[in-house]
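Asks: Got a predicted structure plus its sequence, pasted below:
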Amino acid sequence: MKAFCDMFPPKVDEYEELLTGNRIWKGRLTNVGVLTADECKEYGVTGPLLRAAGVKWDLRKAQPYSGYEKYDFEIPIRQNGDTFDRYIVRMQEMRQATRIIRQAVENIPEGPIMAKVAKVIKPPVGEAYVSIEAPKGELGYYVVSDGTTQPYRVRVRPPSFVNLQALDRMVRGGLVADIVAVIGTLDIVLGEVDR
């Protein structure tokens, strides 16, 4: 992981040198597929799409879990909510992810690490919703349990599915050629949408 953390940032620098200042790249992405902060909230959009519209929201900071409160990292945000800003946010997030990985690796204790986890876990009776900040946005699980090994109900909130509903709004009035760029910065996984 340390070798990866040394190798990866210079690669991101290369991508940015090639793309970020390129006038053709900027011209094709700026003011394309705009989604304002209010529209993001209206659609329930999360992750890089929301942050590119100027909303500084990341579950790892807002509702820390799994030790994220111990890590020093920034939440990249932009203001325009366009395809170019979504690209910039994702580039900055790759740098922040590397920063988190470095800190995590430095804090791994010496010696063997082995957790004992039961093969079957019985969730307690009741209902719970737990979410994490996945690369594409909020990934949440709603579970209703009757105390047996199989929950009574499970509902997944996948970020690709939720974020995809804003596509229609983002491409209206634009060019057909812009749809590819907009979908690229939505970063959807169709298997997640299909489920």
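Replies: Alright, I've got the coordinates.

Asks: CA atoms for contacts and neighbours, from now on please.
Replies: Noted.

Asks: Which stretches in the chain count as strands?
Replies: Listed in chain order, the strands of the chain (DSSP state E) span 126-134, 137-145, 153-157.

Asks: List the buried residues for the longest helix along the chain?
Replies: Here the longest helix in the chain is taken by residue count, with DSSP state H as the criterion, and it is helix 83-106. By 16 or more other C-alpha atoms under 10 Å, the buried positions in helix 83-106 come out as 83-93, 95-96, 98-102.

Asks: Same question for stretch 13-20.
Replies: Counting neighbours by 16+ other C-alpha under 10 Å, one finds that the buried residues in stretch 13-20 are Thr20.

Asks: For that stretch, which outside residues touch it?
Replies: Applying C-alpha atoms under 8 Å, 6 or more residues apart in numbering, the contact partners of stretch 13-20 are Trp25, Lys26, Ile88, Met91.

Asks: Need the residues you listed in CSV (columns: distance to Asp38).
Replies: Shown next, in CSV, are the contacts of stretch 13-20 (distance: C-alpha to C-alpha, whole Å):
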residue, distance to Asp38
Trp25, 27
Lys26, 24
Ile88, 20
Met91, 24
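
Asks: hang on, the earlier thing: and the longest helix of the chain, how far from the chain's centre?
Replies: 10 Å (C-alpha atoms, centre = their mean, to the nearest Å).

Asks: What of stretch 119-130?
Replies: The answer for stretch 119-130 is 25 Å, by C-alpha atoms, centre = their mean.

Asks: do you know how far Gly173 is from Gln79?
Replies: 21 Å (C-alpha to C-alpha, to the nearest Å).

Asks: Looking at the two, which one has more neighbours?
Replies: Counted by other C-alpha atoms under 10 Å, Gly173 and Gln79 do not tie: Gln79 has more neighbours, with 15 against 10.

Asks: Next up, the contacts around the closest residue to the more buried one other than its chain neighbours.
Replies: Closest residue to Gln79 apart from its sequence neighbours, by C-alpha to C-alpha, 6 or more residues apart in numbering: Gly54 at 4.4 Å. Neighbouring residues of Gly54 by C-alpha under 8 Å, 6+ apart: Ala37, Ile77, Arg78, Gln79, Asn80, Gly81.

Asks: Over to Asp85?
Replies: Asp85 neighbours (C-alpha under 8 Å, 6+ apart): Thr30, Ala52, Ala53, Arg78, Gln79.

Asks: do you know how far the second one is from Val180?
Replies: If you measure Ala52 against Val180 using C-alpha to C-alpha, the figure is 18 Å.
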